[in-house]
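Colleague: Next comes the sequence, and after it the predicted model I'd like to discuss.
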Amino acid sequence: MFKFVLFLLLLPALAIPQTTPVPSQPEMATQIREQFLHAWNSYRQYAWGHDELRPLTNQPFDWYGSSLLMTPVDALDTMILVGLNQQADEDRRYIDTHLSFDKDIYVKNFEITIRLLGALQSSYELTGDPLLLALADDLGTRLLPAFNSPTGMPYVNVNLKTGAVRGEDTNPAEIGTLLLEFGTLSKLTHKPIYYDKAKRAMVELYNRRSAIGLFGDEINVRTGQWTGNTANINGGSDSFYEYMLKAWKLFGDEDCHRMWEQSVAALNQYVAQTVTNADGTTSFWYGEADRTTGARTGTEYGALAAFFPAELALSGDLDRARRLQDSNYKMWTAFGIEPELIDYSTMKDLSPGYELRPENIESAYYLYYFTRDPKYRQMGMTFYSSIVQYCRTPSAFAALSSVETKAQRDDMESFFFAETLKYLYLLLADPDRIDLHKTVFNTEAHPLNLDARPISGNMN
Ligand code: DMJ
């Protein structure tokens, strides 16, 4: 009897959804800096000079056999923004003296642009270190041959030493996610060729939209023909949309403004979908539609698509941004941590890994920035707690091979330092660290200034 009364007394408390309290901003700043150092110090100890640290075996890993300092370059502006000045100085000097792009290797133009070119420029703008800009200019020159296709849309791979190219089958993201970095390089070096090449690639892609304004998901840059007809905002398409919007914001380019407006209108008409849940409530998602007819072809959504509330918020569409972020949160909490891909009509996971991705956190940060609604910091606390609970290893943080079993995998991509920890810090510790009216983040979370001048000249 006593047990039953106790159960009844506890019922109201049990009915309240369990949420982790959000500590103060200074407390979160300390915690997130500690998490950063936990991973960085192990990278420094076991993999210094290499692209990445394997977080379970503590082995170094290089993407192309020869290091391009992916982690040190990608991580540098996060260290600066969170106030790890000693580590940032050491890292910057190492990059200045050890990073060389004079290597006979084929690299992915997209990845090297968003991670390295973007990071060298943002770190240059934050520090004024001219060697970082010289490295960016050298890298930009070596990447330019990628654009020498019959259509002007870039090949997938380019050899950094010889300029040889390969890979003609690609996707919208790899073509249309270059203008922020190449455009900033033009502003910083006064060489218009970078802007012109990347802008032409974006426009060539845009010009291949269907009569109803949709894009496919695979395309050949030699023929200019679509090889995949699925319109969506998932990986492979995602950041093309992001860069039309942000190139308008960063450069005031009205062509990009028009392209964004027309593209997002088509997405909202054909790709967006409101579904009714089992409990009668509704959820808002972006799925898949046929490029030419607009007919719905799928209901897949994933960790990469979770960037879209950030873009909607930045564009001023807070209504759709809020509704989609609620779905983002549902996707994360349904599994305790976010799977790579789900079918939102069944809420089953289609690809169960968690790659330490930032996009859900990024969107919560933008929504908090523009609305100051505390629910987005609460979401951030949920994200932070589950990453620490499931991904932290004795030496760093590991991706998960399954959000169902929470089994860890021996991978820690450089975007964990560049994006995941940075957006956690901005959301939970210092939301006003960056003025989003004067700064645009590239898709790898590297902040680029609207006026493209160094904001600090304190160099030695
Ligand atoms: C990053 O390299 C970038 O955010 C890119 O736009 C998508 N994939 C990863 C993070 O998930």
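Modeller: Happy to help now that I have it.
Colleague: Could I get the average pLDDT for stretch 246-255?
Modeller: Mean per-residue pLDDT for stretch 246-255: 97.
Colleague: hmm, I was thinking of stretch 407-427
Modeller: Average pLDDT, stretch 407-427: 99.
Colleague: does it come close to the ligand?
Modeller: Yes - residues of stretch 407-427 are located near the ligand by Cβ under 6 Å from any ligand atom, namely 415, 419. (Glycine included, C-beta is placed from N, CA and C.)
Colleague: Please apply the same query to stretch 68-85.
Modeller: No - using Cβ under 6 Å from any ligand atom, stretch 68-85 never reaches the ligand; the gap is at least 8.7 Å.
Colleague: heading toward the C-terminus, what's the first helix or strand past the helix or strand of the chain at the bottom of the mean pLDDT ranking?
Modeller: Every helix and strand in the chain was compared by mean pLDDT, DSSP states H and E; the lowest is helix 2-15, with a mean of 38. Remark: after helix 2-15, the chain's next helix or strand is helix 25-46, criterion DSSP states H and E.
Colleague: And that next one, what's buried?
Modeller: 28-29, 31-33, 35-36, 38-40, 42-44, 46 (16 or more other Cβ atoms under 10 Å).
Colleague: Quickly name whichever of those is closest to the ligand.
Modeller: Distance to the ligand, by Cβ to the nearest ligand atom, is smallest for A39 among these, at 16.0 Å.
Colleague: pretty sure the closest one contacts S414?
Modeller: No - using Cβ atoms under 8 Å, A39 is not in contact with S414; the gap is 10.8 Å.
Colleague: so what's the residue of the stretch 201-350 of the chain found nearest the ligand up against?
Modeller: The nearest approach of the stretch 201-350 of the chain to the ligand comes at S239, 4.5 Å away (Cβ to the nearest ligand atom). Counting by Cβ atoms under 8 Å, 6 or more residues apart in numbering, S239 makes contact with 114, 173, 176-177, 307, 443.
Colleague: Also within reach of the ligand: list those from these.
Modeller: 114, 443.
Colleague: Please flag which of the contacts of S239 sit within helices.
Modeller: 173, 176 (DSSP state H).
Colleague: Same list, the contacts of S239, but as JSON lines with pLDDT please.
Modeller: Listed next are those as JSON lines, based on pLDDT from 0 to 100:
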{"residue": "I114", "pLDDT": "99"}
{"residue": "A173", "pLDDT": "98"}
{"residue": "G176", "pLDDT": "98"}
{"residue": "T177", "pLDDT": "98"}
{"residue": "F307", "pLDDT": "99"}
{"residue": "T443", "pLDDT": "99"}
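Colleague: re earlier: what's the farthest-apart pair in the buried residues of helix 25-46?
Modeller: Comparing every pair within the buried residues of helix 25-46 by Cβ to Cβ identifies M28 and Y46 as the most remote, at 27.5 Å.
Colleague: on that earlier part again, which among the contacts of S239 gets closest to the ligand?
Modeller: For those, the nearest to the ligand is T443 (3.7 Å; Cβ to the nearest ligand atom).
Colleague: how many neighbours does the closest one have?
Modeller: Neighbourhood size, T443 [other Cβ atoms under 10 Å]: 25.
Colleague: Just the element for R323, please.
Modeller: Per DSSP H and E: R323 is located in helix 318-333.
Colleague: For the stretch 101-250 of the chain, which residues are neighbours of the ligand?
Modeller: When proximity is defined as Cβ under 6 Å from any ligand atom, the stretch 101-250 of the chain approaches the ligand at 114, 239.
Colleague: try 8 Å this time
Modeller: Taking Cβ under 8 Å from any ligand atom as the contact definition, the stretch 101-250 of the chain meets the ligand at 111, 114-115, 173, 177, 235, 238-239, 242.
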